[in-house]
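Student: this one's sequence-less:
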């Protein structure tokens, strides 16, 4: 009897600490969010390279601004500088945790601000392989999570985690992410469409650490497996804590975005 009691005493901590795949998936998501919190605001320059199924390439240059929001999703502003026919196009996004995100697109040719419907977030952003919903900040509560397994990608240990959108009108049934155990940032994400068929894969490379804490990629490359189109985003000139505020993210100022 004493041996049995002793065995139970040893096993109880292990039993108590056992996690379900759902709990472990959520734990990974929460840890990633915690590690990336506190950056305040951020700016960067971007080059977007679009490649169609025939291999034809077009290039766009833009800038982005991001503001961390306490108790809600982040705010983002993207301004296009080149080519000339889309110069001045500006995209503003207010991410929310469970409510529908607020997004607006200013089109200089029409001289008007267009609100992006919550039912149309799965549509392509400026002809790229990124959907409007991909441009929202990844708030933990917007998804449910399931830890699948551990793997190694290019010598780096990762968690493989499935997430399913909790919000309405997503273009995805699920996403599978390969998350670095060191950085708690995704190295690869697979997106599955509403028919649960693999739609596209995004690969993040060239991660660098800023301010001794925040990891950001040099490049995101998205391949659409159904259309054979490809979009690459190359980032440069990351800067943090520039003193941005809500005043830099006002819908009425989109027409004057510089």
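Tutor: Yep, that arrived. Predicted, not measured: the structure shown is a model, and the values here were computed from it. Residues are numbered from 1 along each chain as shown.
Student: Quick one: the helices in the stretch 101-250 of the chain, in order.
Tutor: Counting by DSSP state H, counting those that start in this stretch, the stretch 101-250 of the chain has no helices to list.
Student: In it, where is pLDDT below threshold?
Tutor: Within the stretch 101-250 of the chain, no stretch falls below the threshold (pLDDT under 70).
Student: ok, which stretches of it are strands?
Tutor: All strands of the stretch 101-250 of the chain, identified by DSSP state E, counting those that start in this stretch, fall at 102-107, 112-115, 143-153, 156-165, 174-180, 186-192, 198-205, 208-210, 214-216, 219-224, 230-240.
Student: Pull out the buried residues from the last one.
Tutor: Within strand 230-240, the residues that qualify as buried are 230, 231, 232, 233, 235, 238, 240, counting by 16 or more other C-beta atoms under 10 Å. C-beta coordinates here come from the backbone N, C-alpha and C atoms, glycine included.
Student: Wait, the last one touches residue 214, no?
Tutor: Right, residue 240. Yes: using C-beta atoms under 8 Å, residue 240 makes contact with residue 214 at a distance of 6.9 Å.
Student: how near is the nearest residue to residue 90 once chain neighbours are set aside to residue 29?
Tutor: Leaving aside its chain neighbours, residue 90 sits nearest to residue 257 (4.0 Å; criterion: C-beta to C-beta, 6 or more residues apart in numbering). In this view, residue 257 and residue 29 are 32 Å apart by C-beta to C-beta, to the nearest Å.
Student: Include distance to residue 248 when you put the strands of the stretch 101-250 of the chain into TSV, please.
Tutor: Listed next are those as TSV, based on distance: least, C-beta to C-beta, whole Å:
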stretch	distance to residue 248
strand 102-107	14
strand 112-115	16
strand 143-153	28
strand 156-165	28
strand 174-180	30
strand 186-192	27
strand 198-205	26
strand 208-210	20
strand 214-216	20
strand 219-224	24
strand 230-240	14
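Student: I'd like to know which of the ones you listed lies nearest to residue 22.
Tutor: strand 143-153 (5.8 Å; C-beta to C-beta).
Student: Which neighbouring elements make contact with the closest one?
Tutor: Here strand 143-153 touches helix 21-35, strand 156-165, strand 174-180, going by 3 or more C-beta pairs under 8 Å, 6 or more residues apart in numbering; DSSP states H and E.
Student: The same query, at a cut-off of 10 Å, please.
Tutor: Helices and strands touching strand 143-153, by 3 or more C-beta pairs under 10 Å, 6 or more residues apart in numbering; DSSP states H and E, are helix 21-35, strand 156-165, strand 174-180, strand 186-192.
Student: Report the contact partners of residue 33.
Tutor: 137, 138, 139, 140, 141, 184 (C-beta atoms under 10 Å, 6 or more residues apart in numbering).
Student: and what of residue 232?
Tutor: Contact partners of residue 232, counting by C-beta under 10 Å, 6+ apart, are 47-51, 57, 59, 128-129, 203, 219-223.
Student: Show me the two of those that sit farthest apart.
Tutor: 59 and 203 (19.3 Å).
Student: neighbour-wise, which of those two wins?
Tutor: residue 203 (17 against 11; other C-beta atoms under 10 Å).
Student: May I have the beta-bridge partners of that one?
Tutor: Assessed by DSSP bridges, residue 203 has beta-bridge partners residue 188, residue 221.
Student: From residue 85, how far out is it?
Tutor: 29 Å.
Student: for residue 129, same thing?
Tutor: 20 Å.
Student: again with residue 155
Tutor: 43 Å.
Student: and those two? which has more neighbours close in?
Tutor: The neighbour count for residue 155 versus residue 85, taken as other C-beta under 10 Å, is higher for residue 85 (9 against 5).
Student: if I pick the more buried one, what's in contact with it?
Tutor: Contacts of residue 85 (C-beta under 10 Å, 6+ apart): 108, 109.
Student: my guess is it is in a helix, correct?
Tutor: Yes: under DSSP: H, G, I helix; E, B strand; the rest coil, residue 85 sits within a helix.
Student: Next one, pLDDT for it please.
Tutor: With respect to pLDDT, residue 85 scores 91.
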